[in-house]
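Visitor: generate coordinates for the sequence data below:
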Amino acid sequence: MTEAALAAAEWREVSEGRLRSGNLRTYPLAPFLEGRQLKRYVYYKNRYDQIREIVGTDRLPSTFEQSAYCQQMVAAHGSSLASRAVREGWLPLLSYLTGLTHRESDFSTAQLLQHLLADMRRDGWLSTFVGSTDGGKTNSALLLAGLAMRDDPEMHLATNIDPVEWHDHDLNDRTHTNVTTRSGLEELIERYDDLFVILDEMSTQANAQTSNYDVNEHLYPLITHKSKYGLRMVIIGHRESGYDIAPPIREHSTYFVRQVREERDRGEDVYSAEFYESIEDGELVEESFTLKPVPEVQAYYDPDDDSAIFRLDE
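Guide: Residues are numbered from 1 along each chain as shown. I've put the predicted structure just below:
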């Protein structure tokens, strides 16, 4: 098949709405364009890497969706949702959502993620994730990290989750996995001004009973100075009461996030993330908002593989 025929076939597939997950990653803005503008989007998207090589990789952004040409096209010819995204400066957010697959999608998901992005732009943001295993906590944590990294090209990710392989290669260059010791995390803090930290399975190492001394001695200084260090943090536990996470972490949390998985006999399960402002006597209170459904993160990780233990005393 010639290159022209291949491009034509791709355009027909997206224009007729046959958007599989792979198409969504390849053409994230296709659902918001139609006709000639959709064809133009697919055409230039397929050739963007070649264009960057000719013009200069230092003169053009890493993705076509971030380019001024694409943003002008979407602003002029895209759906009202996409046009508003351009006007308000969060088109990268919209192109990041694989869950929005209709030209006039429900605006609430994009609005909530924009709200979260504004929160995460502040140094010291910290959320504690609670809920049972298989509730989608890792997906949501990586979704927020990817959003922050796309918003800030200087942001790096440090996590004890391994592997994490983004579909956007630029994010892979800024991702540090298998961070399993406090000293290793501190080295990254010294190296980078902005760091998004995800610590999984912390009910083992940062709980309120067996590891309370280690938390106070080794982790508490990082928690209390997280704004000074330019950190955004996600701590992942299990118990909805939050009692498996030490009090110093709970006291400094911006949100407590409960993950919920809605199992369906037909179709894929639906995941939601409920954001609360506090925990009182083991109960989540003051719900701020709910993100439902939680979009699928554009990265590969193994949800069945337990993260390596993060050791506070090393």
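Visitor: may I have stretch 248-255 exported as PDB, CA atoms only?
Guide: Extracted in PDB, the C-alpha atoms of stretch 248-255 (Å, rounded to 0.1, in the frame of the first residue of the first chain):
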ATOM      1  CA  PRO A 248       2.100  13.000  59.200                       C
ATOM      2  CA  ILE A 249       1.100  12.100  55.600                       C
ATOM      3  CA  ARG A 250      -2.600  12.400  56.300                       C
ATOM      4  CA  GLU A 251      -2.100  15.800  57.900                       C
ATOM      5  CA  HIS A 252      -0.400  17.200  54.900                       C
ATOM      6  CA  SER A 253      -2.600  15.800  52.200                       C
ATOM      7  CA  THR A 254      -4.400  18.100  49.800                       C
ATOM      8  CA  TYR A 255      -6.900  15.400  48.800                       C
END
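Visitor: ok, residues contacting it?
Guide: Stretch 248-255 is contacted by residues 119, 125-128, 202, 206, 215-216, 219-220, 223-224, 226, 235, 242, 256, 275-277, 279, 288 when judged by C-beta atoms under 8 Å, 6 or more residues apart in numbering. Backbone N, C-alpha and C define where each C-beta goes, glycine included.
Visitor: in that stretch, what counts as buried?
Guide: Neighbour-count burial for stretch 248-255, counted by 16 or more other C-beta atoms under 10 Å, picks out 248-250, 252-255.
Visitor: centroid residue for this protein?
Guide: When C-alpha atoms, centre = their mean is applied to the chain, the residue found nearest the centroid is residue 143 (2.0 Å).
Visitor: now that residue: closest residue in space, sequence neighbours ignored.
Guide: residue 297 (4.5 Å; C-beta to C-beta, 6 or more residues apart in numbering).
Visitor: how close does that neighbour sit to residue 150?
Guide: Applying C-beta to C-beta, to the nearest Å, the value for residue 297 to residue 150 is 12 Å.
Visitor: check contacts around the closest residue to residue 40 other than its chain neighbours.
Guide: Nearest residue to residue 40, sequence neighbours excluded (C-beta to C-beta, 6+ apart): residue 73, at 6.9 Å. Neighbouring residues of residue 73 by C-beta under 8 Å, 6+ apart: 33, 37, 40-41.
Visitor: which ones among the contacts of stretch 248-255 lie within strands?
Guide: Within the contacts of stretch 248-255, residues falling in strands by DSSP state E are 126-128, 235, 256, 275-277, 279, 288.
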